[in-house]
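Q: here's my sequence, what's the structure:
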Amino acid sequence: MNDPEKAFAEPSRQSPLAIVVLAWRALRQISVINIIFILVAVSSGRLPISGVAVILFGLLALAVAGVLGWWRFVFVIDGGELRIDKGVLSQEHLAIPLNRVQTVSLEQGLLHQILGLTQVSVDTAGSSEVEFRFEALDRRRAELLQQVVARHRATSVELVGAPPPTGPKSELPHPLVPPTGSGPVPGPALAPPVAGPLEVLAVRSFGDLVRIGLGSWPWAGLVVIFPLLAVVDELSELTGLDVLGRITNRLENVEANGLGQTVSPGLLIVSILAFVAVATLFGWLFQIIRSMLTNWELTLTRTATATGDGLRRDSGLLNRTTISANLARVQNLRVSQNLIQRLLGIHHLTLHITGETNIQIPGSPAQEVARIAELALPSGQPVLDRQVARSYVLREFRTGVFLAVPVAVLTALALGWWAVLALLIPAQALVAGFLYWRSMRWGFTERRIGYRHGVVNQRWHHLEYIKTQTVSVRQSWFERRRDLATFSIRSAESEFTIPFLDKEEAEALRNMVLVHVESSNRSWM
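A: Okay, the predicted model is just below:
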């Protein structure tokens, strides 16, 4: 089909197999835990109806919900707009110009993969959630929808051919001069309407996924245990198998028999360390499993689209997800690296895209980060060699002193001379504040600004001035007394902030950004 838009010219529905997906979604909304409770209650004879009747009634209700949801969801593309009518009990009519669509993400859960379907999410700039979602389109129609959106974005690109103003520039109140060697960026040229992969930027192997899991904090993976404990406790009441109660009784028997008094301090310390070690191993195991499920066969590809180069991210084992975005819609770039990731030589890269969906690329080595940053922010990387004011250390120490006073008073009333340990609080605040201050580095060029901070967890944030929505210089009470200020740039997706700058320097930086935005012939997306 030469014109993909013809596939959506007439009102149509999703694939008939969407009935199964919609029924499954309704079942998931009930939650698995509630379903288990119902089945256990029915099998125990506590409900006055048979289990077969409950199952048949539930299947019938799910089938009706799936059929009605599929029948009442009608969509069409007309006059450059995507229009959707949906709703069973309440009707909803949605419409959005296709040239406002930022990303079209394709996702295949396990059920979608079995049925050969795709879930399509349509994102727009400025929306707090996904604007449209097609629960079940066949893969061909989903890709045709991506092509239609890309074509409308291409026709909406406005080129500003006039060169930037050549008159005298505004006087800056401070001699803040960026490094030379980078001139004005020309406006985006409209690429020919071609599509296809140009370059594979990132691929994750099995070993890479293991490193990604190991690079996550292991104790964060233990949060999955608490919902399991809640389920065990609830099931114990229905089945009569009080597992937690038995464990509690066993501990009470040990305490009553005085066995706890025979435990030496050394054995107690070893037991605690062994528990921490086992918990850490289990946490890493959970993180590796999570990495496998979410990042399986992760591939980041540079693609050619009708509006220029783009990025496409494919990943997932049970839920296969595809996210596509034009490079011009990348708002800023963030890189983070914790202590474990530093030992493994990997980073976590995040590209903030206009709209709700961001592109996450975990497990990236330094060369890969540099290549992706070169494509996403083609404006030259600034040297991060500038420091913020040393007053940051003073503020952290002062905060520690204020916290130590009430702690010392309460400790003195309860434990006497042990209150002297409260002096460790301002000492720790002083050392931590100094180390953090040393890590705070920033730099800029004529078109881009960067900021790095963090001791254990290091973070880098880079932003091009052209992505600026608002720029501000504000002062806290502490900063105002020392003639300091906080510089902030707000883009469409996040905020870039550098605290404790000299006020004159922050104002000069603000003026420079405004001059660049007003004189540049580039579009912000």
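Q: the helices in the stretch 51-200 of the chain, which residues?
A: With DSSP state H, counting those that start in this stretch as the criterion, the stretch 51-200 of the chain has helices at 51-71, 110-115, 139-156.
Q: the residue nearest to Ala95 when sequence neighbours are not counted: how many residues sit nearby?
A: Closest residue in space to Ala95, ignoring its immediate chain neighbours: Arg83 at 4.7 Å, by C-beta to C-beta, 6 or more residues apart in numbering. For every residue, glycine as well, the C-beta is placed using N, CA and C. Arg83: 17 surrounding residues under other C-beta atoms under 10 Å.
Q: residue contacts, Arg83?
A: Contact analysis of Arg83 by C-beta atoms under 8 Å, 6 or more residues apart in numbering lists Phe75, Val76, Ile77, His93, Leu94, Ala95.
Q: max pairwise distance over those: which two?
A: Using C-beta to C-beta, the contacts of Arg83 span at most 14.9 Å, a distance reached by Ile77 and His93.
Q: residue closest to the middle of this protein?
A: Nearest to the geometric centre of the chain sits Asn358, at 6.3 Å (C-alpha atoms, centre = their mean).
Q: next one: phi and psi at it?
A: Main-chain torsions, Asn358, degrees, to the nearest 10: phi -110, psi 160.
Q: that one and Thr103, how far apart?
A: For Asn358, the distance to Thr103 (C-beta to C-beta, to the nearest Å) stands at 10 Å.
Q: more crowded one of Ile77 and His93?
A: More crowded of Ile77 and His93, by other C-beta under 10 Å: Ile77, with 22 against 9.
Q: Ala325 sits in which helix or strand?
A: In this assignment (DSSP states H and E), Ala325 forms part of strand 320-326.
Q: and if you look at Ile289?
A: According to DSSP H and E, Ile289 maps onto helix 265-295.
Q: which strands and helices sit next to that helix?
A: helix 206-214, strand 359-364 (3 or more C-beta pairs under 8 Å, 6 or more residues apart in numbering; DSSP states H and E).
Q: tell me which other helices or strands the helix or strand following that helix touches.
A: Moving toward the C-terminus from helix 265-295, the next helix or strand (DSSP H and E) is strand 299-305. In terms of contacts (3+ C-beta pairs under 8 Å, 6+ apart), strand 299-305 is packed against strand 196-203, strand 308-315.
Q: adding mean pLDDT, distance to Ala274 and mean neighbour count, write these out as TSV.
A: Formatted as TSV, these follow (pLDDT from 0 to 100; distance: least, C-beta to C-beta, whole Å; neighbours: other C-beta atoms under 10 Å):
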stretch	mean pLDDT	distance to Ala274	mean neighbour count
strand 196-203	84	39	13
strand 308-315	86	36	20
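Q: what would the ones you listed look like in a markdown table with distance to Ala277?
A: Formatted as a markdown table, these follow (distance: least, C-beta to C-beta, whole Å):
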| stretch | distance to Ala277 |
| --- | --- |
| strand 196-203 | 33 |
| strand 308-315 | 31 |
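Q: for Ala65, find the nearest of the ones you listed.
A: Among these, the nearest to Ala65 by C-beta to C-beta is strand 308-315 (30.5 Å).
Q: just checking: what are the partner strands of the closest one?
A: strand 299-305 (antiparallel), strand 320-326 (antiparallel) (DSSP bridges).
Q: lowest mean pLDDT across the ones you listed, which one is that?
A: Ranked by mean pLDDT, the strands paired with strand 308-315 end with strand 320-326 at the bottom, a mean of 82.
Q: buried sites along it?
A: Arg320, Thr321, Thr322, Ile323, Ser324, Ala325, Asn326 (16 or more other C-beta atoms under 10 Å).
Q: and stretch 463-481, by the same measure?
A: For stretch 463-481, the neighbour count (16+ other C-beta under 10 Å) marks Leu463, Glu464, Tyr465, Ile466, Lys467, Thr468, Val471, Val473, Glu479 as buried.
Q: and the contacts of that stretch?
A: 185, 331-333, 377, 379, 391, 395, 447-450, 484-492, 496, 499-500, 503, 506-507, 510, 513-514, 516-517, 520, 522-525.
Q: hmm, try it at 6 Å
A: In this structure, residues lying in contact with stretch 463-481 by C-beta atoms under 6 Å, 6 or more residues apart in numbering are 331-332, 377, 379, 395, 447-449, 485-492, 496, 506-507, 510, 513, 516-517, 520, 522, 524.
Q: please apply the same query to stretch 400-409.
A: Ala419, Ala422, Ile425, Pro426, Ala429.
Q: can you name the residues that contact the fourth one?
A: Looking back up the chat, that one is Pro426. Phe397, Gly400, Val401, Ala404.
Q: please name the nearest non-neighbouring residue to it.
A: Pro426 sits nearest to Gly400 (C-beta to C-beta, 6+ apart), 3.7 Å away.
Q: just how off-centre is the strand or helix carrying that neighbour within its chain?
A: Secondary structure from DSSP H and E places Gly400 in helix 391-415. From the chain centre to the centre of helix 391-415 is a distance of 35 Å (C-alpha atoms, centre = their mean, to the nearest Å).
Q: equivalent analysis for stretch 511-521, please.
A: Distance, centroid of stretch 511-521 to centroid of chain: 30 Å (C-alpha atoms, centre = their mean).
Q: now do the buried residues in it.
A: For stretch 511-521, the neighbour count (16+ other C-beta under 10 Å) marks Asn511, Met512, Val513, Val515, His516, Val517, Ser520, Asn521 as buried.
Q: returning to what we had before: give the burial count for the residue nearest to Pro426, as a bare number.
A: So Gly400, with other C-beta under 10 Å, has 21 neighbours.
Q: what's the answer for Ile372, then?
A: 23.
Q: report the separation between it and Ser472.
A: From Ile372 to Ser472 the distance is 29 Å (C-beta to C-beta).
Q: who's in contact with Leu349?
A: Val335, Ile361, Ser364, Val369.
Q: can we see that at 7 Å?
A: Neighbouring residues of Leu349 by C-beta atoms under 7 Å, 6 or more residues apart in numbering: Val335, Ile361, Ser364, Val369, Ile372.
Q: still on that earlier bit, adding distance to Gln113 and pLDDT, write the contacts of Pro426 out as CSV.
A: Putting those into CSV (distance: C-beta to C-beta, whole Å; pLDDT from 0 to 100) gives the following:
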residue, distance to Gln113, pLDDT
Phe397, 56, 92
Gly400, 54, 89
Val401, 59, 89
Ala404, 57, 84
